[in-house]
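K.L.:
Have a look at this prediction, sequence included:
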Amino acid sequence: MRKTLLSMVQSILSDMDSEPVNSISDSIEAQQIASILEDTFYNIIAGKDIPEHKKLISLTSLSNNAKPTHFEYPTDTKEIISVRYNVTETAGAYEWREIEYVEPLTFIDRMPRLVTGFISVVEPVSSITLVIANDTMPTYYTSFDDLHIVMNAYDATVETILQASKTRAYGTVYPTFTIADSFTPDLDDTMLPYLLAEAKSVCQSMFKGGSDPKVEQAARRLKNRIQDNLYKTKQHPKRPHYGRQ
C-alpha cells in the first residue's frame, strides 16, 4: 500500500478532473498539490504520537568545558521520552543509567552550596549560576529553555565534559518530507490513506471551491480509526502520564 508522492498527486489530480502528469514538475497544479500534501503531512504528525517516528537518539554536546553537563536537543526532536548515560569508568564497557527528568525549579532546589566536589556553571540563556557536582556521574537532568538539557553532575576524573557518544535517549523526531516523484512519506499503511484523504479535501476546497462530502466523510472515518491501529505490536492500555520525563 506504500505510495510515492507522485502517485498521490496523480490520484488527487484524477479526482479533481485535472490534467494528468507524469512528474510533479509537469504542472504548477501538481506542484501545488505536492505542497499541500507536505503541509498536511506535518499537520498530522504534529498532533499525533506516531510510533515509527520514535527512535534512539544521541544528545548533542555543547563541547564547552565551562558547561560540562550541557547538551542540546538534536535537530528535529519532537519529544524526549527517556535519557540514559553510560556511567561506567571502564573503557569499552557499558553501564546505562537512566537519568531522571526533574522540573527546573526542582533542579534548582536540589543544588547544594558551592563546596569541594562542585563547580559553578553559568546557564547560557538566563545567566543564572548553577552548582554542578564534578566528582560523580549524573543522576538527573532538566531543561530551562526547551533547547538545552542540563545534567546535575559529571566525574572530572573520568572525563572533562559529559560525552554525546555516551548518551542514549529515546524519543520522537520529525521526519523529512521531500518534494520528489519517488519520495514516500514516512507513514505506515494505516496513516497513508488518512494523509491522502485530508489532502484531497484541502485540494477540493482550494482549487474547486468546495470539498467533496464523500472525501470529508472518508477523512473523518479514517481519523477516528487510525488511533487504535498505530502500532503493529499490540500495546497494553496506557495510564495517564503527568509531567515530562
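P.N.:
Arrived safely.

K.L.:
mind listing what's buried in the longest helix belonging to the chain?
P.N.:
Counting residues, the longest helix found in the chain (DSSP state H) is helix 28-46. Along helix 28-46, these residues count as buried under the neighbour rule (16 or more other Cβ atoms under 10 Å): 29-30, 33-34, 36-38, 40-41, 44-45. For the C-beta atoms, the positions are set from N, CA and C on the backbone; glycine is no exception.

K.L.:
among those residues, which two are most distant?
P.N.:
For these, the farthest-apart pair by Cβ to Cβ is Glu29 and Ile45; their separation is 25.1 Å.

K.L.:
Tell me if I am right that Val131 is in a strand.
P.N.:
Yes - checked against DSSP: H, G, I helix; E, B strand; the rest coil, Val131 lies within a strand.

K.L.:
what's the burial count for the closest residue in space to it that isn't next to it in sequence?
P.N.:
Leaving aside its sequence neighbours, Val131 sits nearest to Met111 (Cβ to Cβ, 6 or more residues apart in numbering; 4.2 Å). With neighbours defined by other Cβ atoms under 10 Å, the count for Met111 comes to 15.

K.L.:
same deal with Ile24?
P.N.:
When neighbours are counted by other Cβ under 10 Å, Ile24 comes out with 23.

K.L.:
any idea of the pLDDT on it?
P.N.:
Looking at Ile24, its pLDDT is 97.

K.L.:
pretty sure it is touching Ile179, no?
P.N.:
Yes - with contact defined as Cβ atoms under 8 Å, Ile24 counts as touching Ile179 (6.7 Å).

K.L.:
Longest strand in this structure, please.
P.N.:
strand 77-86 (DSSP state E).

K.L.:
one step back: now do the shared contacts for Ile24 and Ile179.
P.N.:
By Cβ atoms under 8 Å, 6 or more residues apart in numbering, Ile24 and Ile179 have these common neighbours: 5, 31, 34.

K.L.:
Which of those residues sits closest to Lys54?
P.N.:
Closest approach to Lys54 among the shared contacts of Ile24 and Ile179 (Cβ to Cβ): Leu5, at 23.3 Å.

K.L.:
contacting residues for the closest one?
P.N.:
24, 34, 37, 178-185.

K.L.:
could you redo the last one with a cut-off of 6 Å?
P.N.:
Counting by Cβ atoms under 6 Å, 6 or more residues apart in numbering, Leu5 touches 34, 183.
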